[in-house]
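> predicted model and sequence follow; I will ask about them next.
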Amino acid sequence: MVNESKTILITGGAGFIGSHVVRLFVTKYPQYRIVNGDALTYAGNLGNLKDIESAPNYVFEKADIIDGPRIQELFVRYKFDAVIHLAAESHVDRSIMDPLAFVRTNVLGTANLLHIAGNAWKGNYTGKLFYHVSTDEVYGSLGDTGFFTEETPYDPRSPYSASKASSDHFVMAWHHTYGLPVILSNCSNNYGSNHFPEKLIPLMINNILNNKPLPVYGKGDNVRDWLFVDDHARAIDTIFHKGRVGEKYNIGGFNEWKNIDIVNLLCSVMDKKLGRSPGESAKLITYVTDRPGHDHRYAIDATKLNKELGWKPSLQFEEGLERTVDWYLGHQDWVKQVTSGDYRKYYDEQYHKR
């Protein structure tokens with residue numbers, strides 16, 4: 001029941017998607033106690049949550065999911081009723097450069113969290129839930145037709161997607177072996193506010209603003225299904241409260257775009273926002289050597305989520321993209337802090353003095 005009080009650990013809650021989920025749960029469910037556990041690596045930014053950091057039902061705990069004693073201590077102290085697990089290394093290019101970091105966090109960290117949750121709940125699973133948030137990249141690459149469904153076999157192509165596929169399997173293994181109540185969701189590419197600037201859309205917005213080259217892999221014909229991050233947070237909320245234990249749900253935007261078409265649309269939107277001549281920003285497009293193992297196309301079939309739980313995206317991509325551009329243009333202080341690394345000082349300033 002939604003009216004019941006719960007204490008929920010949200011891992012990775014200072015990250016891009018995690019911060020939107022934390023904000024939604026803190027504001028929508030004042031009867032819940034939300035504990036944000038984040039290691040504050042390069043993409044974890046407490047500045048994303050300044051607006052709710054003083055809420056009476058919100059607590060931040062700096063914690064790495066690979067640190068067993070630390071996670072164990074949090075379970076003892078807070079007696080969590082549920083975990084929403086978003087903490088992950090998530091950038092494909094970084095996984096190519098340092099694959100073992102992704103194994104450490106995404107595989108070992110998830111297994112560590114499952115093990116501690118199972119032991120803490122000791123088989124008394126009434127009212128307990130472990131919700132694992134994953135990616136559509138575990139399914140591999142599609143041709144020009146077809147969609148990923150919940151029954152699509154896994155076929156990961158990068159160290160990142162392989163590590164997430166492994167974590168998905170561990171989650172389901174804990175369910176089948178130990179009876180741990182789990183739910184799993186796989187989402188398509190997210191976009192929106194507070195997105196780390198090395199990702200495609202915020203990178204292009206920032207580079208257009210600063211008249212820097214717009215690097216596009218290969219021919220730019222790779223296709224992604226894009227989902228507004230606020231809609232993803234709503235989907236997680238819906239699945240957490242209404243989803244069936246032991247099931248997985250695909251979350252997609254029903255919104256496929258080629259990378260080059262997104263870049264051109266961003267150039268057009270930015271030209272209008274910045275008062276530039278039409279086509280001016282598009283001159284910055286620069287084609288670069290394609291990423292190794294670059295998946296051609298992702299496309300999510302979110303029919304199950306729509307039919308069983310009633311969720312659907314709330315807005316069209318063009319509207320969401322314009323909102324995103326407006327947010328970045330209006331929050332250049334955030335962008336500068338993130339790109340310079342100064343955002344990392346916020347934790348020391350806010351929490352070491354307490």
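Okay, I see it.
> any idea how far stretch 274-289 is from the chain center?
28 Å (Cα atoms, centre = their mean, to the nearest Å).
> point me to the helix or strand that includes the residue nearest to residue 60 when sequence neighbours are not counted.
Leaving aside its sequence neighbours, residue 60 sits nearest to residue 36 (Cβ to Cβ, 6 or more residues apart in numbering; 4.8 Å). Placement of C-beta: from N, CA and C, glycine included. Secondary structure assignment for residue 36, by DSSP states H and E: strand 33-38.
> what's that strand packed up against?
Strand 33-38 is packed against strand 7-11, helix 16-28, strand 58-62, helix 68-78, with contacts defined by 3 or more Cβ pairs under 8 Å, 6 or more residues apart in numbering; DSSP states H and E.
> and the angle for the longest one with strand 58-62?
Spelled out, that is helix 16-28. 150 degrees (axes from the mean of the first three to the mean of the last three Cα atoms, to 10 degrees).
> run the angle between helix 16-28 and strand 33-38 for me.
Angle, helix 16-28 to strand 33-38, by the same axes, to 10 degrees: 160 degrees.
> helix 16-28 - contacts with which helices or strands?
Against helix 16-28 (3+ Cβ pairs under 8 Å, 6+ apart) you get strand 7-11, strand 33-38, helix 229-242.
> follow-up on the earlier one: which one of the helices and strands packed on strand 33-38 lies closest to residue 226?
Nearest to residue 226 among the helices and strands packed on strand 33-38 is helix 16-28 (13.5 Å), distances taken as Cβ to Cβ.
> can you say which helix or strand has the nearest residue to residue 12 once chain neighbours are set aside in it?
In space, residue 12 comes closest to residue 87 once its chain neighbours are excluded; the distance is 3.3 Å by Cβ to Cβ, 6+ apart. For residue 87, there is no host helix or strand (DSSP H and E).
> list the buried residues of the strand holding residue 36.
Judged by neighbour count using 16 or more other Cβ atoms under 10 Å, the buried positions of strand 33-38 are 33, 34, 35, 36, 37, 38.
> paired strands for it, with orientation please.
strand 7-11 (parallel), strand 58-62 (parallel) (DSSP bridges).
> any chance of those strands in a markdown table, plus mean pLDDT, mean neighbour count and distance to residue 188?
As requested, those are exported to a markdown table (pLDDT from 0 to 100; neighbours: other Cβ atoms under 10 Å; distance: least, Cβ to Cβ, whole Å):
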| stretch | mean pLDDT | mean neighbour count | distance to residue 188 |
| --- | --- | --- | --- |
| strand 7-11 | 98 | 24 | 21 |
| strand 58-62 | 98 | 18 | 28 |
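> between those strands, which one is closest to residue 79.
Of all these, it is strand 7-11 that lies closest to residue 79, at 6.3 Å by Cβ to Cβ.
> and the closest one, C-alpha only, in CSV?
Output in CSV follows, covering the C-alpha atoms of strand 7-11 (Å, rounded to 0.1, in the frame of the first residue of the first chain):
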residue,chain,number,x,y,z
THR,A,7,12.5,3.1,4.3
ILE,A,8,13.9,2.8,0.8
LEU,A,9,17.6,2.8,-0.2
ILE,A,10,18.1,4.3,-3.6
THR,A,11,21.6,3.6,-4.9
